[in-house]
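K.L.:
next input, structure requested:
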Amino acid sequence: MARLQGKIALVTGGASVPGLGSATAVRFAEEGATVIVTDRDGAGAERVAAGIRAAGGQATAHAHDVTSEADWDRVMAAIETAHGKLDVLVNNAGIAVLRMIEDLTAEDWQLQNRVNLDSVFYGSRRAVIAMRRAIAAGRQSTGSIINISSVAGLAGVPGCGAYAAAKGGVRLFSKVVAMECAKDQIRCNSVHPGMILTNMQGVAAEDNAANYDATVALIPMGYMGDPSDIANMNLFLASDEARYVTGAEFVVDGGMMAH
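P.N.:
Below is the predicted model of the structure:
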C-alpha cells in the first residue's frame, strides 16, 4: 500500500463526490502520496482533503479556478513552497454541456474549451516547468502528467460537439507533451473514461436525455463504471510501475470503444 510513497500529487476538480477527482485523490493518499486537492468549490475540496486526513492520509486543499492562469500560478507556487517538487499532476477538472449542434451556442463551445482544454495546457505547462526544475535539483527523478479525456475524444457521440472537440484536443496535446518531455523523464498520458457513475454523469443524463439510454446500451459489460475504476488507472500511471509508459491513451469504458 505504498506505490506512491513520497510523491506529491496535484488533482484538480477534486470536490465532487462521487467524482473522478475525489476518487483519485483518495486512492493516491491510500498509496502514500501527499495529495493537493483543488476545485473551484474550495469548501468541497477541503471536505475531500479532510476525509483523507481523517483516514490517516496526507492532503491539503485549495480553491482553484482552472481557467485562470493567475490561479494556476498561485497554486503551483504554494506547492513548490510547501514541498519543493511536484511528482504527479492529474488534470481532471472538467464540465459537460451537451447539446445537439443546432442548440449548441458559441458560449457553450467557448466555456467547455476553456474548462476542458485550456486548463490542461495551463496546468501541464506549469507542471513541466516545476518538474524540470525539481529534477535538475535532484528533488525528484521523474514526473507524471495524467490528462483526463473521454471516450468522446475518440469517437463521435451525438450531443457532444464542444465536449468532444475539447477532449479530442486533450488526447493529442498529451502526446505532444510526452514527445517534448520524454528526455526529461516526464511522462504524459491521457485517460479516456466511458460511462462512469459520477455527479457529472447525472448532469449529462439531463442535458442529453434523448441519447443517454442509447449510449448506456452500448456498454458491452452491461453496466456503468465506478469512479474507482478511473482512480486505479490513474494510480498505475502515477506510479513507477508505468515508468516506460508515455504518450499513450488508456480507455476505461467497459468495452464501448471495442465496437
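K.L.:
please name the nearest non-neighbouring residue to Arg47.
P.N.:
Counting by CB to CB, 6 or more residues apart in numbering, the nearest residue to Arg47 once its immediate chain neighbours are dropped is Ala15, at 7.3 Å. C-betas here are computed from N, CA, C, even on glycine.
K.L.:
repeat that for Asp87.
P.N.:
Ranked by CB to CB, 6+ apart and with sequence neighbours excluded, the top spatial neighbour of Asp87 is Lys7, at 4.0 Å.
K.L.:
just want the phi and psi numbers for Asp39.
P.N.:
Backbone geometry at Asp39, expressed as degrees, to the nearest 10, gives phi -170, psi 150.
K.L.:
the nearest residue to it once chain neighbours are set aside and Gln58, how far apart?
P.N.:
Closest residue in space to Asp39, ignoring its immediate chain neighbours: Ala15 at 3.6 Å, by CB to CB, 6+ apart. If you measure Ala15 against Gln58 using CB to CB, to the nearest Å, the figure is 18 Å.
K.L.:
hmm, back to that, okay, now the residue nearest to Asp39: neighbour count?
P.N.:
By the criterion of other CB atoms under 10 Å, Ala15 has 27 neighbours.
K.L.:
what about it, is that helix, strand or coil?
P.N.:
Under the three-state scheme (DSSP: H, G, I helix; E, B strand; the rest coil), Ala15 adopts coil.
K.L.:
what pLDDT is listed against it?
P.N.:
Among the per-residue scores, Ala15 holds a pLDDT of 98.
K.L.:
quick one: classify Gly56 as helix, strand or coil.
P.N.:
For Gly56, the secondary-structure state derived from three-state DSSP is coil.
K.L.:
can you pull out the strands in the stretch 1-150 of the chain?
P.N.:
Along the stretch 1-150 of the chain, counting by DSSP state E, counting those that start in this stretch, strands occupy 8-11, 34-39, 58-63, 88-91, 143-148.
K.L.:
format those strands as JSON lines; extra columns: distance to Met1.
P.N.:
Putting those into JSON lines (distance: least, CB to CB, whole Å) gives the following:
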{"stretch": "strand 8-11", "distance to Met1": "15"}
{"stretch": "strand 34-39", "distance to Met1": "15"}
{"stretch": "strand 58-63", "distance to Met1": "14"}
{"stretch": "strand 88-91", "distance to Met1": "17"}
{"stretch": "strand 143-148", "distance to Met1": "19"}
